[in-house]
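In: Give me the fold of what follows.
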Amino acid sequence: MYHSVHKIFLSMVASKIEPFSSFNDFIFCVLIPEIGLQLIMEDNGLVGDCGKMEGLNIMRESSDYGVAMFPDDDNEQYGELMAKGRN
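Out: Predicted coordinates for the structure are as follows:
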């Protein structure tokens, strides 16, 4: 997912991603979790604020499984950061 998101948003201006110090931080801490949440909501037919909360619960409950089954060796530090942020 990282490579696809990176291609799409590569042209973003650094001032638009403040306070993040790098584009990679922005991708891993904002874009990928948000895309994941939207996919979970779509898969489960969730809508609105209540749907978002349920989607976040699903994301949190499944984060250990996701990290174990789909490790990202190239970006291990971000995977750990994302897992911590979801708990």
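
In: so what's Tyr65 scoring on pLDDT?
Out: We have a pLDDT of 89 for Tyr65.

In: For the residue nearest to the spatial centre of the chain, what is the enclosing helix or strand?
Out: For the chain, the residue nearest the mean C-alpha position is Pro33 (1.7 Å; C-alpha atoms, centre = their mean). Per DSSP states H and E: Pro33 is located in helix 32-43.

In: Next SSE downstream of that helix?
Out: Next along from helix 32-43, by DSSP H and E: helix 48-69.

In: which parts of that next one are buried?
Out: Gly51, Glu54, Gly55, Leu56, Ile58, Met59, Ser63, Val67 (16 or more other C-beta atoms under 10 Å). Yep, even glycine has a C-beta here, placed from its N, CA and C like the rest.

In: picking that back up, got the angle for the helix holding Pro33 vs helix 48-69?
Out: Angle, helix 32-43 to helix 48-69, by axes from the mean of the first three to the mean of the last three C-alpha atoms, to 10 degrees: 110 degrees.

In: Offset the numbering so it begins at 162, please.
Out: Fine by me, first position is 162 from now on; the one you just mentioned is helix 193-204.

In: Low-confidence stretches in the protein?
Out: 171-176, 234-248 (pLDDT under 70).

In: can you put the buried residues of helix 209-230 in JSON lines and add distance to Ser183?
Out: What follows is these, written out as JSON lines (distance: C-beta to C-beta, whole Å):
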{"residue": "Gly212", "distance to Ser183": "32"}
{"residue": "Glu215", "distance to Ser183": "32"}
{"residue": "Gly216", "distance to Ser183": "27"}
{"residue": "Leu217", "distance to Ser183": "25"}
{"residue": "Ile219", "distance to Ser183": "29"}
{"residue": "Met220", "distance to Ser183": "24"}
{"residue": "Ser224", "distance to Ser183": "23"}
{"residue": "Val228", "distance to Ser183": "22"}
